Structures are given as structure tokens and as C-alpha cells.
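Chemist: attaching a predicted model along with its sequence, questions to come.
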Amino acid sequence: MVFRFLMLSDEVEDFKREIQIDADATFLDLHNAILSSVDYKEGEMSSFFICSDNWEKEREITLTEMDTSSEEDSYIMEDSVLNDFLEDEKQKLMYVFDYMTERSFFIELREIITGKDLDEAICTKSIGDAPAQFVDFNDFEVKSTVIDTGENFYGDEGYDLDELDAEGFDGLDDALPPSDGENF
């Protein structure tokens, strides 16, 4: 079984990535596919969050073991199989790639393809440039001040989190041109 994910950014309007990966792969495999698809360097702290339909973070899957209380379940990417956490099309994930500023990608499981397997994750569509992996912390503070005054963030004053709901993802498949099926 193969999962087809669509990944968007709230920082770059025309950024889209589509990644297909085997359902039996781990979140670490998906993490590596994401890094490859956006040309980010490895070694930075990151996490996936399984989200509700309203993008509320529900369950965290971290790159490395975190010091958590024994009352909470702790999941790490290397040991967490996608199929154990994801069951339904339209399921939402958030991939936090910059912990200092809480910058992230919004991901939706667009399709579950049965009767097919993949040995490696594939970026099947790539549109636009990814946001910078790191932002200068001083620049971020200035932009944060802009947020507090009700103005735009990262130059996108029309951004609305509701755009990323199930309806906001509809029709995006048609907007993505075919790609060369680059393997990771």
C-alpha cells in the first residue's frame, strides 16, 4: 500500500510537494524524503504532529527521544511506522522543521493506493521554491512584531489557516504539473 501526501507551506504561496511512500515505511523515511524534496540539511531537530481536522496538534513523533513524563506516550520517527498512525485519506499532519520559530509544513494524506508497494519514497510533483530552512532570528523578531500589529507574516497578508482545511486542499492535484518522478 502506498500513501500519497501533499505538502504545503504557509510562508510560500506557490510551494507544493507531492510525496509517495510505502505505508510500511517509517516517519524517519518520510522525514528524509521531505528533506530531499526541499534541499534541507539533515541533523536539525524536527517533529511530525498528527493533527485533527482543524490542524490542532494531537500526537507528536520526534526525530530523537525527548525527555517526557512517563504519563505521556513517546514516539520517535525511526520506530514509528506510517501505517500504524495513518488510516484515512484527508488525514492531516504537521512537520515542524524549525523548532526555534515553530515553522512547519502542512501535510495531508491525499490518497491511499492499494495493491502497490514502493521501495523508496518518491517526490512525484514539485512546485515552487521551499521556504528557507533557517531564518535569521533577528529578522524573525522583526517579523513577529509585524504580526502583533495585525499586518502580514512572511509577506503573505492574505494567509488564512482555514485555506488548509480539507476544502483548501481540493483541486490542488489538478494545479500540479506532471514531474519526472524523482526518487530519494
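Modeler: Sure thing, it's come through.

Chemist: who's in contact with the nearest residue to residue 62 once chain neighbours are set aside?
Modeler: Excluding its sequence neighbours, the residue lying closest to residue 62 (CB to CB, 6 or more residues apart in numbering) is residue 47, at 4.8 Å. Any C-beta I mention is one placed from the backbone N, CA and C, and that applies to glycine too. By CB atoms under 8 Å, 6 or more residues apart in numbering, the contact set of residue 47 is 60-63, 95-96, 99.

Chemist: who's residue 112 bridged to?
Modeler: residue 3 (DSSP bridges).

Chemist: tell me the secondary structure for the nearest residue to residue 57 once chain neighbours are set aside?
Modeler: Leaving aside its chain neighbours, residue 57 sits nearest to residue 49 (4.1 Å; criterion: CB to CB, 6+ apart). Look at residue 49: counting by DSSP: H, G, I helix; E, B strand; the rest coil, its state is strand.

Chemist: ok, back up a step: show me which of the contacts of residue 47 are buried.
Modeler: 60-63, 95-96 (16 or more other CB atoms under 10 Å).

Chemist: least confident pick among those residues?
Modeler: Within the buried ones among the contacts of residue 47, residue 63 has the lowest pLDDT, namely 89.

Chemist: that residue and residue 48, how far apart?
Modeler: In this view, residue 63 and residue 48 are 9 Å apart by CB to CB, to the nearest Å.

Chemist: hey, what's in contact with both of these two?
Modeler: 31, 77.

Chemist: so where is the protein shaky, pLDDT-wise?
Modeler: Along the chain, the parts satisfying pLDDT under 70 run over 67-72, 137-184.

Chemist: same thing but at 50, please
Modeler: 142-151, 153, 166, 184 (pLDDT under 50).

Chemist: show me where it has its helices.
Modeler: Taking DSSP state H as the criterion, the chain contains helices spanning 27-38, 82-85, 137-148, 166-169, 172-175.

Chemist: buried set for the second one?
Modeler: I take that to be helix 82-85. For helix 82-85, using 16+ other CB under 10 Å, the buried residues are residue 82.

Chemist: fine by me, thanks again.
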